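J.: what would the 3D arrangement of this be:
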Amino acid sequence: MYQRPNDRLKNQTCIVTGANSGIGRAVAVAMARDGANVVVNYVFGDESARQVVDEIVQQGGTAIAFKCDVSKEDQVIAMFQETVRTFGTVDILVNNAGLQRDANFHEMSLKDWQFVLDVNLTGQFLCAREAIREYLRRGMRPDVSVALGKILCMSSVHEVIPWAGHVNYAASKGGVMLMMKSLAQEYGPVKIRINSIGPGAIKTPINRVAWETPEAEAKLLGLIPYKRVGETSDIGAAAVWLASDESDYIHGTTIFVDGGMTLYPGFTENG
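T.: Numbering: from 1, shown residues only. Model prediction:
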């Protein structure tokens with residue numbers, strides 16, 4: 001039987017959006033390892049979602065899968081309603097679902113611009129709104145956390161680093177940053193704690209071409225002072241800590257998990 005390293009999230013329920021692959025999957029598994037009930041949200045890939053649930057259950061955790069497009073208001077509301085029916089409430093939201101549709105800006109279609117903003121930014125708005133509504137409805141649960149509720153927004157180093165050829169994605173993450181900070185300012189007084197995680201280069205299916213060959217990885221390492229490409233487990237570990245009471249005084253900030261990418265290593269030779 002898998003032994004939990006810590007019960008920091010015992011008796012809490014966590015929704016992780018986009019949790020059937022990549023960073024979302026690692027976050028879902030990490031949350032369960034620390035005792036949380038987990039809702040594995042996904043929009044495509046029934047089998048991969050079931051695999052995440054099975055992995056959590058095999059390790060002694062509790063999880064359900066829920067298919068929902070986070071950019072659709074009615075589907076998000078239904079997901080939160082089902083979570084409350086199943087587990088009683090929601091304590092943690094990890095706003096992870098996101099995607100890219102890359103193009104040179106002058107060739108970018110309105111459809112691809114809107115699609116990325118709909119999922120990456122509006123999806124986070126809709127889920128955060130429902131989480132905050134639930135936290136305010138049920139009130140404090142001092143037996144499980146000193147916070148009324150926790151929200152983690154999955155941002156990116158590209159909330160601060162411009163990214164030519166990915167303007168829709170960078171704009172969405174810049175929007176996530178100020179949405180997170182504004183929500184933290186508004187709801188901090190009622191003990192809802194809101195932060196972001198800003199991954200750098202992480203080995204996920206979405207960016208496989210950037211790291212899967214030795215040549216590609218060597219080029220990528222030129223952007224990373226710590227000289228390794230991140231693993232999804234690096235994000236999972238940070239997410240669990242940020243969701244726990246160990247980080248209770250961290251509020252309204254982005255924790256970059258990037259091996260130093262935001263240090264702009266191109267300037268190591270004096271620019």
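J.: contacting residues around the nearest residue to residue 207 once chain neighbours are set aside?
T.: Nearest residue to residue 207, sequence neighbours excluded (Cβ to Cβ, 6 or more residues apart in numbering): residue 201, at 7.1 Å. For the C-beta atoms, the positions are set from N, CA and C on the backbone; glycine is no exception. With contacts defined as Cβ atoms under 8 Å, 6 or more residues apart in numbering, residue 201 is in contact with 207, 210, 211, 220, 223, 224, 229, 230, 258, 259, 261.
J.: how many residues are close by the third one?
T.: If I follow you right, that is residue 211. Residues lying near residue 211 (other Cβ atoms under 10 Å) number 19.
J.: pretty sure it contacts residue 230?
T.: No - applying Cβ atoms under 8 Å as the test, residue 211 and residue 230 come out as separate, 9.6 Å apart.
J.: can you list residues touching both of those two?
T.: With contacts taken as Cβ under 8 Å, 6+ apart, residue 211 and residue 230 have 201, 203 as neighbours in common.
J.: residues near residue 14, how many?
T.: Applying other Cβ under 10 Å, we find 31 other residues in the vicinity of residue 14.
J.: make sure residue 14 is indeed in a strand.
T.: Yes - the assignment for residue 14 is a strand, going by DSSP: H, G, I helix; E, B strand; the rest coil.
J.: not counting sequence-adjacent ones, nearest residue to it?
T.: Leaving out its chain neighbours, the residue that sits closest to residue 14 by Cβ to Cβ, 6+ apart is residue 92, at 3.9 Å.
J.: please report phi then psi for the one you found.
T.: phi -140, psi 130 (degrees, to the nearest 10).
J.: quick one, what contacts residue 53?
T.: Taking Cβ under 8 Å, 6+ apart, we find residue 53 in contact with 40, 63, 64, 65.
J.: just checking, the third one touches residue 39?
T.: Yes - because the distance of 5.8 Å satisfies Cβ under 8 Å, residue 64 is recorded as touching residue 39.
J.: if we can go back for a sec, what about the residue nearest to residue 14, distance to residue 84?
T.: According to Cβ to Cβ, to the nearest Å, residue 92 stands 14 Å off from residue 84.
J.: more neighbours: the two, which one.
T.: Shown here are residue 92 and residue 84; by other Cβ under 10 Å, residue 92 has more neighbours (28 against 16).
J.: picking that back up, spit out the residues that contact residue 64 and residue 39 alike.
T.: Common neighbours of residue 64 and residue 39 (criterion: Cβ under 8 Å, 6+ apart): residue 86.
J.: same drill for these two, tell me which one is more crowded.
T.: The neighbour count for residue 64 versus residue 39, taken as other Cβ under 10 Å, is higher for residue 39 (29 against 17).
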